[in-house]
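Engineer: with the input below, show me the fold.
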Amino acid sequence: MNKNKIAKTVFYSFMLAALLNTHASAAIIDVTVYGAKPNSFTDATESIKKAIAACSANEASLLSFPKGRYDFWPAGAEERNYYISNTSTAEECPSKLKRTGLLFEGKKHVTIEGNGSLFVFHGKMITFTFDHCSGIKLQNLEIDFERPSMSEMMFEDVSDTCVTVVIHPDSKFAIVDDKLKWYGEGWGMNRFHAILANPADSTMKYNSWQPFDRAKATSIATNRVRFSGDFKNQPYPPGAVLTIRDPVRDHVGMFINLSQNVTLINVQMHYMHGLGIISQFSENLLFDGVQVIPSHNRMIAAFADCLHFSGCRGAIVIQNCHFKGAHDDLVNVHGTQLRIIERIAANSVRLKFMHGQSYGFPAYFAGDTVHFIHSASLHDYAAAIVASAKLVSENEMIIVFSNPLPGALQKDDCIENITWTPSLTVQNCIFEATCTRGILVTTCRKVLINDNTFSKTGMQAILIADDASSWFESGAVKDVSITNNRFIKCGYNLGENNYVIAIAPENHLLEKKYYVHNNIRILNNNFITDSGALLSVKSTANVVFSNNTVHQLAKGVEPAFKLTACDKIDIQRNQFLDLKPIVAIAGMAEKSLTTDIQKVVVVKHQ
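Structural biologist: Purely as a prediction, here's the structure:
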């Protein structure tokens, strides 16, 4: 065994020892003792509340669910005010009161053992919340919703004036005044976001509910509806499924907040309402054998993202997982940078949350190290230590630093919290069936993406972004390894920008000799592509693309590599089986590129 393999083995052994509590002497708490009745289809919420309360705050506990079905209704659910990153604006969802089926607050050393049980949730709610917890293990269970907030209908017959669909039995509807109305347990819909999933070619593409909203709906049999209207030039192949939801993320699938050493093992999420499993300002998180996959022949398992990490730290490990059927990114890892809107004193500033869907939570703490960021260039030009941090309103914080503000401070600069940045390991996972990205990652700690399969992600399989002008999701990467992965026909939704991997910081000003991202290695991967567009890189230095194998299945028009304002790019020793690749460069010297590819095109900015 070589040194690298030994190091990896030691690392994962350490992670498992740190994150997995064996609970050999744990107090066993059987939920049926507290009144829960599996397979009764009655509301287990109150009984489970009592069982959770019995978990000691100081001793290890094993919360055991004898195998069966457990149902949870929102009427008896715990309610808390939570500001959750990347969810909803104040206009979309003024109240931040969230309902949770199983709420764990301040709990330590608790193993939740599902024993293969199925947890079924009703209405709109968070399934599990772990708030200020430590040493939590959730394992061996399936989670689903009786009526998912995603509606699905399959196209049976299609013409210019008439469409016949088969509606999934889990998608409840009614026809009122010749219009089809979607509804669920305690909710209806008047806003629609639609994506067309086509099992025939395993693609997912953005679509619209509007043609059906304008059409006349007629019930012709159980779960079969005929729409009469204008359907000219609509892409509805028979067998394809239109998936429809409300766009507002008013809840999330699971919430891990200000917690540490949280582990999910062998957990199947068949549906999540709102966003996904959201980890916010938490540390040391392990997801092993987690499957976000639809059940009952449905197409969609996640209302938006599957796993979302905002402002976390320590080690995030995602391994042996399967993500399939999501309306947004399968995995997203980032921080949140706030804009400086006022200098209060020589060492103090007022900050503002800039994106409407992320606000209201403390983003800095005393003792944190932060970087000052020029918003236009994303240049991190100075560092400081936080002496005190206070959330003074939903949208603003006041920070006092240990030292005076840097002299280079400019209008609209931002502050990134470097202390709350995680390392990320993703290995032996499957990513498929999304119209957006497989993995979106921006963190300055070490990133390893190894031995995964990315199949037909609509956008990039892997996107490394960073911005201080749109989502305000930080930050710059410094050490990324993308190795031994398989990329299959990814990027079909992006047209001429359908690159499998994109390193795309959203900087609007290119500072001389400053590069946003650094040290990215893409090695020993296998690419199967239609377009031949492999890698797009902007404002990045020290990128190696080597020893990869590329199969191009169709004639493409894009260059295989698009490089903009980069330095020290090495593209060599790759095997191209079906194409003669082109490298296009712009805003950089040819000597900044080392390559054995014969054709290099210099593109002049217009």
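
Engineer: who's in contact with L391?
Structural biologist: For L391, the contact set (CB atoms under 8 Å, 6 or more residues apart in numbering) comprises G360, F361, P362, M397. (Glycine included, C-beta is placed from N, CA and C.)

Engineer: my reading is that the last one lies in a strand. Confirm?
Structural biologist: Same thing as M397. Yes. If the criterion is DSSP: H, G, I helix; E, B strand; the rest coil, then M397 is within a strand.

Engineer: re the thing from before, I'd like to know which of the contacts of L391 are part of strands.
Structural biologist: Of the contacts of L391, the ones assigned to strands by DSSP state E are M397.

Engineer: elements contacting the strand or helix carrying S481?
Structural biologist: In the assignment (DSSP states H and E), S481 maps to strand 480-483. Where contact means 3 or more CB pairs under 8 Å, 6 or more residues apart in numbering; DSSP states H and E, strand 480-483 is packed against strand 447-450, strand 517-523.

Engineer: how far away is the closest residue to D305 other than its chain neighbours from R249?
Structural biologist: Among residues not flanking D305 along the chain, G276 sits closest, at 4.2 Å (CB to CB, 6 or more residues apart in numbering). Here the criterion is CB to CB, to the nearest Å. By it, G276 lies 10 Å from R249.

Engineer: try H327
Structural biologist: 10 Å.

Engineer: what does L553 give?
Structural biologist: With distances defined as CB to CB, the gap from L553 to R249 amounts to 36 Å.

Engineer: who has more neighbours, those two?
Structural biologist: Comparing L553 with R249 by neighbour count (other CB atoms under 10 Å), the higher total belongs to R249, at 24 against 14.

Engineer: that one reaches Q357, doesn't it?
Structural biologist: Yes. In this structure, R249 sits in contact with Q357. The criterion is CB atoms under 8 Å, and the distance is 7.4 Å.

Engineer: who touches both of those two?
Structural biologist: For the pair R249 and Q357, residues contacting each of them under the criterion CB under 8 Å, 6+ apart are N86, T87, S88.

Engineer: and the first one, what's its pLDDT?
Structural biologist: The pLDDT attached to N86 in the predicted structure is 97.

Engineer: gap between it and D305?
Structural biologist: Counting by CB to CB, the gap from N86 to D305 is 8 Å.

Engineer: same deal with F323?
Structural biologist: Counting by CB to CB, the gap between F323 and D305 amounts to 10 Å.

Engineer: cool, and S388?
Structural biologist: Taken as CB to CB, the spacing of S388 relative to D305 amounts to 33 Å.

Engineer: have a look at these two and say which one is more surrounded.
Structural biologist: D305 (30 against 14).

Engineer: quick one: the helices in the stretch 151-300 of the chain?
Structural biologist: Using DSSP state H, counting those that start in this stretch, the helices assigned to the stretch 151-300 of the chain run over residues 210-213.

Engineer: which neighbours do G276 and R249 have in common?
Structural biologist: Contact criterion CB under 8 Å, 6+ apart; residues bridging G276 and R249 by contacting each: F303, A304.

Engineer: can you redo the helices and strands packed on strand 480-483 as JSON lines with distance to D144, mean pLDDT and mean neighbour count?
Structural biologist: Compiled in JSON lines, the helices and strands packed on strand 480-483 are given as follows (distance: least, CB to CB, whole Å; pLDDT from 0 to 100; neighbours: other CB atoms under 10 Å):
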{"stretch": "strand 447-450", "distance to D144": "29", "mean pLDDT": "98", "mean neighbour count": "22"}
{"stretch": "strand 517-523", "distance to D144": "37", "mean pLDDT": "98", "mean neighbour count": "21"}
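
Engineer: want to try a markdown table for these, with distance to E511 as columns?
Structural biologist: Compiled in a markdown table, the helices and strands packed on strand 480-483 are given as follows (distance: least, CB to CB, whole Å):
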| stretch | distance to E511 |
| --- | --- |
| strand 447-450 | 24 |
| strand 517-523 | 14 |
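
Engineer: for L118, find the nearest of those strands.
Structural biologist: strand 447-450 (31.8 Å; CB to CB).

Engineer: which residues touch the closest one?
Structural biologist: Taking contacts as CB under 8 Å, 6+ apart, the residues outside strand 447-450 that touch it are 423-428, 439, 441, 462, 477, 479-485.

Engineer: gap between that strand and the chain center?
Structural biologist: Shown here is strand 447-450, whose average C-alpha point lies 16 Å from the average C-alpha point of the whole chain (CA atoms, centre = their mean, to the nearest Å).

Engineer: same check, this time on stretch 237-256
Structural biologist: Using CA atoms, centre = their mean, the mean C-alpha position of stretch 237-256 is found 14 Å from that of the whole chain.

Engineer: and that stretch, which residues are buried?
Structural biologist: Residues 240-246, 249-256 are the ones in stretch 237-256 that count as buried (16 or more other CB atoms under 10 Å).

Engineer: next: stretch 179-196.
Structural biologist: Of the residues in stretch 179-196, those scored as buried under the neighbour-count criterion (16+ other CB under 10 Å) are L180, W182, G184, M189, F192, H193, A194, I195, L196.

Engineer: can you lay out the residues you listed as CSV showing distance to M588 and pLDDT?
Structural biologist: CSV is the format used below for the buried residues of stretch 179-196 (distance: CB to CB, whole Å; pLDDT from 0 to 100):
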residue, distance to M588, pLDDT
L180, 54, 98
W182, 51, 98
G184, 53, 97
M189, 49, 93
F192, 44, 97
H193, 39, 97
A194, 41, 98
I195, 37, 98
L196, 39, 98
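
Engineer: which of those sit farthest apart?
Structural biologist: The most distant members of these, if one measures by CB to CB, are G184 and L196, lying 21.5 Å apart.

Engineer: now do stretch 200-220: everything it contacts.
Structural biologist: By CB under 8 Å, 6+ apart, the residues outside stretch 200-220 that reach it are 163-164, 175, 178-180, 192-198, 225-231, 234-235, 237, 239-240, 242, 244, 432-435, 455-456, 458, 492-493.

Engineer: quick check: neighbours shared by H327 and R249?
Structural biologist: F303, A304.

Engineer: what number of residues lie near V603?
Structural biologist: Using other CB under 10 Å as the criterion, V603 is surrounded by 13 other residues.

Engineer: which residue, other than its chain neighbours, is closest to it?
Structural biologist: Leaving aside its chain neighbours, V603 sits nearest to A586 (4.2 Å; criterion: CB to CB, 6+ apart).

Engineer: hmm, back to that, so the residue nearest to D305 sits against C306, correct?
Structural biologist: Yes. Distance between G276 and C306: 4.9 Å, which falls inside the contact criterion (CB under 8 Å).

Engineer: need the overlap of contacts for those two.
Structural biologist: In terms of CB under 8 Å, 6+ apart, G276 and C306 are both contacted by the residues V292, A326.

Engineer: end to end, how far does stretch 292-310 reach?
Structural biologist: Taking CA to CA, to the nearest Å as the measure, stretch 292-310 stretches 19 Å from start to finish.

Engineer: for the chain, which spans come out with low pLDDT?
Structural biologist: Along the chain, the model assigns pLDDT under 70 to residues 1-24, 57, 557, 605-606.

Engineer: in a strand, K49, correct?
Structural biologist: No. Membership of K49 in a strand is not supported by three-state DSSP, which gives helix.

Engineer: chain neighbours aside, what residue packs nearest to it?
Structural biologist: E78 (7.2 Å).

Engineer: tell me how many other residues surround the one you found.
Structural biologist: The number of residues near E78, taken as other CB under 10 Å, comes to 18.

Engineer: again with L509
Structural biologist: Burial measure for L509: 12 neighbouring residues, criterion other CB under 10 Å.

Engineer: all numbers from here: first residue = 94
Structural biologist: All set: I'll call the first residue 94, so the last point we hit is now L602.

Engineer: so how far is G584 from L556?
Structural biologist: With CB to CB as the criterion, L556 and G584 are 10 Å apart.

Engineer: could you do L196 as well?
Structural biologist: Using CB to CB, we find L196 at a distance of 40 Å from G584.
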